[in-house]
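1. Sharing a model that was predicted from the sequence below.
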Amino acid sequence: MTVIRIPGVHNLRDVGGIPVGESRVRDGVLLRSAQLAQLTPAGQGRLRSLVARVIDLRDDAEVLREPSALTGVPVERVPLLLGSVESFFAADTDLEGLYRHLVDDCATQLVAAVRILSDGEPTLVHCTVGKDRTGVVVALALSAVGADRDAVVADYALTASQLPVERNRAVVEYLRTHLPDARNAIQLATESPETVMAALLADLEQRYGSVAAYLQASGLTDAELQALRVALVMEG
């Protein structure tokens, strides 16, 4: 994975290089990040040189609150939660519960996002922080084409170290003030433990046989799965 520094964007990286059997994920095809509201003019030009399309996983309220500053790149909206982000904090949902909600209740949307990736254009996937919704979409896409499990989990876990310290400090302070009894809120907002993603992928394999089979059971066709492999994996 390659961390990319662009003014106004946090948690931006290219997942190219992750091993897939004897091959690896192509460079420059699948990027991931947090929201793009603070993208600077210089950052816009740099990002436009890297991606041909953006998948925005946020809901309408999030987009209105922090509209993207990126112009000149087509955006595919695939809202990925049933309910607001705030509702999961209010319910004191933990990360395992949130991810189980995504794969069980938002399978159609997950497939829609993966289907876009199968087109093979250089694509940036993002939500608000680039941790949970983005993390699940990227992990599923990579796992579906046979990417190394440890590397997929490591890419997910890298996010926690990429979140701005000042952002985390402000979030933690807010949560301790407004949700003092919540047990899971800080983890939900700031952490990306390897164990959580590893457990999610293992659960899908136990229930469906493989991550690819889960996506196919949720609507991804054989042709689309093959196109995803062609799009993401280097030949040879």
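-> Sure thing, it's come through.

2. Poorly predicted segments of the protein, please.
-> In the predicted model of the chain, residues 83, 236 satisfy pLDDT under 70.

3. in it, which spans are strands?
-> For the chain, strands defined by DSSP state E occupy the ranges 2-3, 13-14, 19-20, 23-24, 30-33, 53-56, 75-77, 123-126.

4. Would you tell me which one of those strands is buried the most?
-> Of these, the one with the most neighbours on average (mean count of other C-beta atoms under 10 Å) is strand 123-126, at a mean of 26. For every residue, glycine as well, the C-beta is placed using N, CA and C.

5. Show which residues not belonging to that strand make contact with it.
-> For strand 123-126, the surrounding residues in contact (C-beta atoms under 8 Å, 6 or more residues apart in numbering) are 29-36, 47, 50-57, 113, 116-117, 134, 137-138.

6. Run me through the strand neighbours of that strand, direction for each.
-> Looking at strand 123-126 with DSSP bridges, its partner strands are strand 30-33 (parallel), strand 53-56 (parallel).

7. Of all the ones you listed, which one is nearest Arg176?
-> Arg176 lies closest to strand 30-33 among those, at 27.3 Å (C-beta to C-beta).

8. residues touching the most centrally placed residue in the chain, list them.
-> The residue lying closest to the centre of the chain (C-alpha atoms, centre = their mean) is Thr134, at 1.2 Å. Listed by C-beta under 8 Å, 6+ apart, the contact set of Thr134 reads 32-33, 57, 125-127.

9. how close does it get to Ala42?
-> In this view, Thr134 and Ala42 are 23 Å apart by C-beta to C-beta, to the nearest Å.

10. now Thr221
-> Taken as C-beta to C-beta, the span from Thr221 to Ala42 is 41 Å.

11. What of Thr159?
-> Thr159 is 24 Å from Ala42, by C-beta to C-beta.

12. Looking at those two, which one has more neighbours?
-> Thr159 (22 against 11; other C-beta atoms under 10 Å).

13. Disregarding flanking residues, what is the spatial nearest neighbour of that one?
-> Distances taken as C-beta to C-beta, 6 or more residues apart in numbering put Ser192 closest to Thr159, at 4.3 Å, once the chain neighbours are dropped.

14. what does Val137 give?
-> Ala113 (4.8 Å).

15. Please point out which parts of stretch 158-174 sit buried.
-> 158-160, 162-163, 168, 171 (16 or more other C-beta atoms under 10 Å).

16. Could you report the distance from Glu121 to Val3?
-> For Glu121 relative to Val3 (C-beta to C-beta), the value is 22 Å.

17. Likewise for Val171?
-> Distance from Val171 to Val3, by C-beta to C-beta: 21 Å.

18. just to revisit the earlier point, so of the buried residues of stretch 158-174, which ones are in helices?
-> 158-160, 162, 168, 171 (DSSP state H).

19. from those residues, which single one is nearest His101?
-> Among those, and counting by C-beta to C-beta, the member closest to His101 is Thr159, at 18.8 Å.

20. My read is that that closest one contacts Gly130, right?
-> Yes. Using C-beta atoms under 8 Å, Thr159 is in contact with Gly130, at 6.4 Å.

21. Find the residues that touch each one of the two.
-> Joint contacts of Thr159 and Gly130 (C-beta under 8 Å, 6+ apart) are Asn11.

22. How many neighbouring residues does the spatially closest residue to Pro79 that is not a sequence neighbour have?
-> Of all residues not flanking Pro79 in the chain, Asp59 sits nearest, at 4.6 Å (C-beta to C-beta, 6+ apart). Asp59: 20 surrounding residues under other C-beta under 10 Å.
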